[in-house]
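In: got a predicted model here, sequence first, then my questions.
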Amino acid sequence: MDPEVLEFDIGLGGGGSSGRDGDDDASIGLDVEEDMADSPAPSLVLASNNNGGGFGNCGGEIYLPEGDLLDFEPYEGMEFESEEAAKAFYNSYARRVGFSTRVSSSRRSRRDGAIIQRQFVCAKEGFRNLNEKRTKDREIKRPRTITRVGCKASLSVKVQDSGKWVVSGFVREHNHELVPPDQVHCLRSHRQISGPAKTLIDTLQAAGMGPRRIMSALIKEYGGISKVGFTEVDCRNYMRNNRQRSLEGDIQLLLDYLRQMQAENANFFYAVQGDEDQAQMSNVFWADPKSRMNYTYFGDTVTFDTTYRSNRYRLPFAQFTGVNHHGQPVLFGCAFLINESEASFVWLFKTWLTAMSGRPPVSITTDHDSVIRSAVTQVFPETRHRFCKWHILKKCQEKLSHVFLKHPTFEADFHKCVNLPESIEEFESCWLSLIDRYELMDHEWLQMLYDDRRQWVPVYLRDTFFAEMSITQRSDSMNSYFDGFVNASTNLNQFFKLYEKALESRNEKEVKADYETMNISPDLKTPSPMEKQASELYTRKLFTRFQEELVGTLTFMASKSDDDDDGGIITYQVAKFGEDHKAYYVKFNVVEMKATCSCQMFEFSGLLCRHVLTVFRVTNVLTLPCHYILKRWTRNARSSLILEERASDVYANYLESHTVRYNTLRHEAFKIVDEGSKSLDTCNVAICALQEAARKVALATKNKGRTMMINGHIRGDSALNASRPKPINHKMLDQPLSEDDMDKKIRELTNELEYASRKCEAYRANLLSVLKDVEDHKLRLSIKVQNIKISMKDGL
């Protein structure tokens, strides 16, 4: 009887399966190929006759295929066009029956070494060798499940002289349960990604979707997970291999861009960890000249962010940012990390510090991560490290979602507990109360947050500068520098074009803010000289924030909380009218004009709080002392005056002289009043002393009342001119002098020196005024140039 020829196609597709070895059907691994899963999908031609299949005897329970599967069973004498066709047929048969397959053994020809016989077996064939040399001498940290149970099911084929392969042996029965159809896709040899599925994965991956969302789309498209034919891990591995292949093609583009930028400007800094000439991706850092210059002006506080994934390769994109004098984000450098290991972060921080001339910041803010914390501790031991509170609060929605659903009021109570306490004791009490009220004592993640509280809860961080305008509200500068420019589908070639566009956009925003600061005068809301002074010093954004604090003082009252004068330091209790239970305490040194508040706003943000300003108001401090005006918040933050520090001190002293004199005299007078009022005798002495002091002040006023200084030259009446030191005859110094004459000459020289010092200070003050005008003029010219460039670009 002539054989009946059957022709059919088995759609197996290639690759995508993963695992650790071939004896573990359901285990999950990475990129370990299984022979039977990686077969092509040939068209098979087989001969069918009525011969039965051979059976073996396994002992114990025997599991046999059922139903119409018998029509597709192999049998002895069945012929195949090739070995691959036989393997594909047996694997297809195994999928329908419910078991996984693998290649067991082969036999080669002694003549030419070609394979002449092959055996395909059930994946549960044989037993695992527990005494293998590679495992007996070392401890196995993650032991795998035993999956081989000695199953005898197999298919043996051998090649004929005609070149075809014929079935020489077939064992049908299994000694283990078979897998039902809805779970067969989990078996190693059947986890395959078909051609159409690969196309769909590629499309969705390019759109920025992750493995989980892609698998959801595939399950919906194919009508169930069992019809998809592979698992999420297979999808993840396939996507990772895709990214690696794409990345290898773009590495050279990245390095070429960095080399070109450095060739154009020697101040452009970049570094690659390891060998730059190797064709493998490694950690890369770069900082353009403007970023490095930004750090010299605004490098007191830094934010390091790796949560922003900006590229299709899913590489962590790290950015170092800060805050400029307008409260806008400013860039200090960028990096691509091949991984987020501690070694990578240590290398990156050290490289960044080198690019920033080795000057560490006062404070740094990062994501809540133990690996980053360890790296920061190693590289920045003196820098205050803070975890980003907003990232933590966002993570709460994931970690505490069940609590939010069960207790609708928990989220609001949690935010109040974190943001509102004014002291450490108040926070500790509030936290314990919160945990107890919602029965979360055993919650591990909350306990971890509590252990790290000193690095993210505001009340523990107020004594350090972070350049934020509010302790409880999120700053605009916390947003990613590149928001709106790059996304998850951006490749490296596109990234640098968008990177440059982001830099240009941020620069234009700073130029616009500079223009508004220099050309638009803010509205003053009070007649205070301090408000006018601040409007001329601060940028427009910072002045608006300062103005809020200054106007807020109108509703606050300040009173001495301690009558004792502790070395010239007076403590004031400051509270809103009618809210004495919410008082803040300000310690004010009248002589040094220094004040500290319990809210610590100045230490945290660099702007005085309304509580200190209230004390200034009641003590007649009319202008801001120079040490409370941070240059980084002023309109001249980017200026570089050589005499900046000393000249600014002279200028500030010139502005503050009246206020300082007034408060010093007032303080001394109060001391006389306090002591003199204790008895009648001391009262009479105090009155006499004050009267004598008043007489002397009147006399001094009469003699110097018409004195004025113009461009460093003193003009006044004859009394003043008479007080000017006379020129010294240096020839007389060579002659022997009596002791009285020596004392006289010393006094003359001392007067001459004091007069020269006063004159020098006047010159310095005038020089500062000139330099300040020059800087203002230079800034205006810079803004005009930038505006012209922008208008020319818009015109093109």
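Out: Now that the structure is in, tell me what you want to look at. Numbers count the residues shown, from 1 in each chain.

In: CA only for contacts and neighbour counts going forward, please
Out: OK.

In: the closest residue to Ala595 other than its chain neighbours is in what secondary structure piece?
Out: Nearest non-adjacent residue to Ala595, counting by CA to CA, 6 or more residues apart in numbering: Phe588, 4.3 Å away. In this structure, Phe588 sits in strand 584-589 according to DSSP states H and E.

In: so which elements touch whichever helix or strand comes after that strand?
Out: Counting by DSSP H and E, the next helix or strand C-terminal to strand 584-589 is strand 594-597. Helices and strands touching strand 594-597, by 3 or more CA pairs under 8 Å, 6 or more residues apart in numbering; DSSP states H and E, are strand 584-589, helix 610-618.

In: can you check which of those gets nearest to Ser559?
Out: Closest approach to Ser559 among the helices and strands packed on strand 594-597 (CA to CA): helix 610-618, 8.5 Å.

In: quick one, strands of the stretch 201-350 of the chain?
Out: Counting by DSSP state E, counting those that start in this stretch, the stretch 201-350 of the chain has strands at residues 269-272, 284-287, 301-305, 317-323, 329-336.

In: how about the first one as CSV, C-alpha atoms only?
Out: Taking Å, rounded to 0.1, in the frame of the first residue of the first chain, the C-alpha atoms of strand 269-272 are listed here in CSV:
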residue,chain,number,x,y,z
PHE,A,269,33.7,68.2,30.2
TYR,A,270,32.9,64.5,29.7
ALA,A,271,34.0,61.2,31.0
VAL,A,272,33.4,57.5,30.3
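
In: what mean pLDDT would you report for that strand?
Out: The average pLDDT for strand 269-272 rounds to 92.

In: centre of the chain to it, how far?
Out: Put simply, strand 269-272 sits 20 Å off its chain's centre (CA atoms, centre = their mean, to the nearest Å).

In: summarise which helices and strands that strand is packed against.
Out: If contacts are counted by 3+ CA pairs under 8 Å, 6+ apart, strand 269-272 sits against helix 232-264, strand 284-287.

In: which residues sit against it?
Out: Leu258, Gln262, Ser282, Asn283, Val284, Phe285, Trp286, Ala287, Asp288, Pro289, Thr351, Ala355 (CA atoms under 8 Å, 6 or more residues apart in numbering).

In: re earlier: going by mean pLDDT, which of the helices and strands packed on strand 269-272 comes out lowest?
Out: With a mean of 77, helix 232-264 has the lowest mean pLDDT of those.

In: show me what that one is packed up against.
Out: Helix 232-264 packs on helix 195-206, helix 211-222, strand 269-272, helix 492-519, going by 3+ CA pairs under 8 Å, 6+ apart.

In: please repeat the previous calculation with a cut-off of 7 Å.
Out: helix 211-222, helix 492-519 (3 or more CA pairs under 7 Å, 6 or more residues apart in numbering; DSSP states H and E).

In: coming back round to it: and the residue nearest to Ala595, what's its pLDDT?
Out: The model's pLDDT for Phe588 equals 93.

In: tell me how far it lies from Lys560.
Out: Distance, Phe588 to Lys560, by CA to CA, to the nearest Å: 10 Å.

In: ok, back up a step: the strand holding Phe588: which residues count as buried?
Out: Across strand 584-589, burial judged by 16 or more other CA atoms under 10 Å covers Tyr584, Tyr585, Val586, Lys587, Phe588, Asn589.

In: next, the angle from it to helix 610-618.
Out: In terms of direction (axes from the mean of the first three to the mean of the last three CA atoms, to 10 degrees), strand 584-589 departs from helix 610-618 by 50 degrees.

In: elements contacting strand 584-589?
Out: For strand 584-589, the packing partners by 3+ CA pairs under 7 Å, 6+ apart are strand 569-576, strand 594-597.

In: now do it against strand 569-576, angle only.
Out: In terms of direction (the same axes, to 10 degrees), strand 584-589 departs from strand 569-576 by 150 degrees.

In: ok, Ala94 touching Ser100?
Out: Yes - using CA atoms under 7 Å, Ala94 is in contact with Ser100, at 6.1 Å.

In: who has more neighbours out of the two?
Out: Using other CA atoms under 10 Å, the more surrounded residue of Ala94 and Ser100 is Ser100, with 32 against 21.

In: quick one on the thing from earlier: check contacts around the residue nearest to Ala595.
Out: Neighbour list for Phe588: Ile569, Ile570, Thr571, Lys594, Ala595, Thr596 [criterion: CA atoms under 7 Å, 6 or more residues apart in numbering].

In: out of those, who's nearest Arg111?
Out: Distances from Arg111 to the contacts of Phe588, taken by CA to CA, are shortest for Thr596, at 95.4 Å.

In: measure the closest one to Leu607 for me?
Out: 12 Å.

In: ditto for Gly223
Out: Applying CA to CA to Gly223 and Leu607 gives a distance of 61 Å.

In: those two: who's more crowded?
Out: Leu607 (22 against 11).

In: can you list contacts of stretch 215-233?
Out: For stretch 215-233, the external contacting residues (CA under 7 Å, 6+ apart) are Asp182, Gln183, His185, Cys186, His190, Arg191, Gln192, Ile193, Pro211, Arg212.

In: one more: stretch 377-396?
Out: 346, 349-350, 360-368, 455-456.

In: so which of these wins on neighbours?
Out: In the contacts of stretch 377-396, the most neighbours by other CA under 10 Å go to Ile364, 25 neighbours.

In: SS state for that one?
Out: strand (DSSP: H, G, I helix; E, B strand; the rest coil).

In: tell me the contacts of it?
Out: Under the criterion of CA under 7 Å, 6+ apart, the neighbours of Ile364 are Thr301, Val302, Thr303, Thr383, Arg384, His385, Arg386.

In: grab the nearest non-local neighbour of it.
Out: Leaving aside its sequence neighbours, Ile364 sits nearest to Val302 (CA to CA, 6+ apart; 4.7 Å).

In: hang on, isn't the one you found packed against Thr365?
Out: Yes - with contact defined as CA under 7 Å, Val302 and Thr365 form a contacting pair (6.3 Å).

In: Leu665 - how many residues pack around it?
Out: Neighbours of Leu665 (other CA under 10 Å): 12.
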